[in-house]
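1. please work out how this folds:
(one chain, ligands or ions: 1)
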Amino acid sequence: MRLNYETTGPDDAPVLLLGSSLGTTHAMWAPQLDALSQRFRVIAFDHRGHGDSEAPDGPYTIEDLGGDVVELLNELLIERASYVGISLGGAVGLWLAENAPDRFHRFALLCPPAYPAAGAQMWTDRAAQVRAEGTKAITEATLSRWFLPEYADAQPAAVDAIRQQLLTTSPEGYASCCEALGAMDLRPGLGDITAPVLLVTAESDASIPPETVIPLAMQIPGAHLEILESAAHLVTYSHPDQINQLLLTHLT
Ligand SMILES: O=C(O)CC1=CCC(=O)O1
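-> Residues are numbered from 1 along each chain as shown. Next comes the predicted model:
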């Protein structure tokens, strides 16, 4: 599987991988790149089915998506890295923490789903809708879950950047990742995680509500939990300074 990625920061700095949310590309990390690339060799990648990565026919599994990241490390001859993921990228991070502990130092997982809390059928239905009608069918509803109205009103260009990523994501890639999210349950392995994990949840996250993230912090040994107030799902956009500070503190 060929994953597209973009590297910033010094070649000799510790490596930090960035995994993005469903229907977006590595470009969604724009609000973090300056801060993180001062300290890290940042590798922001596109999940399979997203951006310029390959988009084979699905369904995909969380093992496929996590395995792609391990393969990327192998291809780049990187023995160990730290990892930041948001949403779908956070689920991939949980899988990596459980299944590839010897390849990672630390994890920061923002609004991560660990299981299909709204039911597997929701993801099956969404996959079918996107295969039939394209990502246009889910774009505006997604944006309304990801941004609070006051942020969307104040920052229309940022919202539009994410809109364009959703609209141009491969329908097959998006739908196949929905199937991965609908079929996964990462809860049984949480207690075996050994890496230091920062979990961030947003008080008004309609996509991955705090009540589904807070229990993860109880189950992951030593996990640190941050709950952001007045925030929806895309905390990297609405709270960039707070997020960047949390990431730098946890990862360095
Ligand atoms: O689409 C959503 O609102 C929910 C979501 C789950 C994983 C992800 O990246 O977004």
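2. neighbours of the residue in the stretch 51-200 of the chain positioned nearest to the ligand, how many?
-> Per Cβ to the nearest ligand atom, Ser87 is where the stretch 51-200 of the chain lies closest to the ligand, at 3.0 Å. Every C-beta, even on glycine, is put in place using the N, C-alpha and C of the backbone. When neighbours are counted by other Cβ atoms under 10 Å, Ser87 registers 28.
3. with adjacent residues omitted, what lies nearest to it?
-> If the residues on either side of it in the chain are set aside, Ser87 comes closest to Ser21, at 3.6 Å by Cβ to Cβ, 6 or more residues apart in numbering.
4. pretty sure that neighbour is touching Leu234, no?
-> Yes: in this structure, Ser21 is within contact of Leu234 by Cβ atoms under 8 Å, at 7.4 Å.
5. contacting residues for the residue nearest to Ser87?
-> Taking Cβ atoms under 8 Å, 6 or more residues apart in numbering, we find Ser21 in contact with 28, 86-89, 146, 233-234.
6. tell me which of the residues you listed fall in strands.
-> Counting by DSSP state E, the members of those that fall within strands are Ile86.
7. the contacts of Ser21: which two are farthest apart?
-> Taking Cβ to Cβ as the measure, the contacts of Ser21 reach their widest spread between Gly89 and Trp146, a distance of 13.7 Å.
8. from the stretch 101-250 of the chain, which residue is nearest to the ligand?
-> Among the residues of the stretch 101-250 of the chain, Ser207 lies nearest to the ligand; the distance is 3.2 Å by Cβ to the nearest ligand atom.
9. my guess is that residue is in a strand, correct?
-> No: residue assignment for Ser207, taken from DSSP: H, G, I helix; E, B strand; the rest coil, gives coil, which places it outside any strand.
10. residues touching it, list them.
-> Under the criterion of Cβ under 8 Å, 6+ apart, the contact partners of Ser207 comprise 87, 111, 145-146, 232-233.
11. can you rerun that using 6 Å?
-> Going by Cβ atoms under 6 Å, 6 or more residues apart in numbering, Ser207 touches 145, 233.
12. and it, what's its pLDDT?
-> With respect to pLDDT, Ser207 scores 97.
13. ok, Ser204 - how many residues close by?
-> By other Cβ under 10 Å, the burial measure for Ser204, its neighbour count, is 15.
14. work out for me the element it sits within.
-> Using DSSP states H and E, Ser204 is not contained in any helix or strand.
15. and the strands in this structure?
-> Using DSSP E, strands in the chain cover 5-8, 15-19, 41-45, 81-86, 104-110, 197-202, 224-228.
16. so what's the backbone phi/psi at the nearest residue to Pro56 once chain neighbours are set aside?
-> Closest residue to Pro56 apart from its sequence neighbours, by Cβ to Cβ, 6+ apart: Arg48 at 6.9 Å. The main-chain torsion angles of Arg48 are listed as degrees, to the nearest 10 and equal phi -60, psi 140.
17. distance check, Arg103 against Leu251.
-> Distance check for Arg103 against Leu251: by Cβ to Cβ, to the nearest Å, it reads 16 Å.
18. which ones among the contacts of Ser21 lie within helices?
-> Filtering these for membership in helices, criterion DSSP state H, returns 88-89, 146.
19. make TSV out of the strands of the chain and add mean pLDDT.
-> Listed next are these as TSV, based on pLDDT from 0 to 100:
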stretch	mean pLDDT
strand 5-8	98
strand 15-19	99
strand 41-45	99
strand 81-86	99
strand 104-110	99
strand 197-202	99
strand 224-228	98
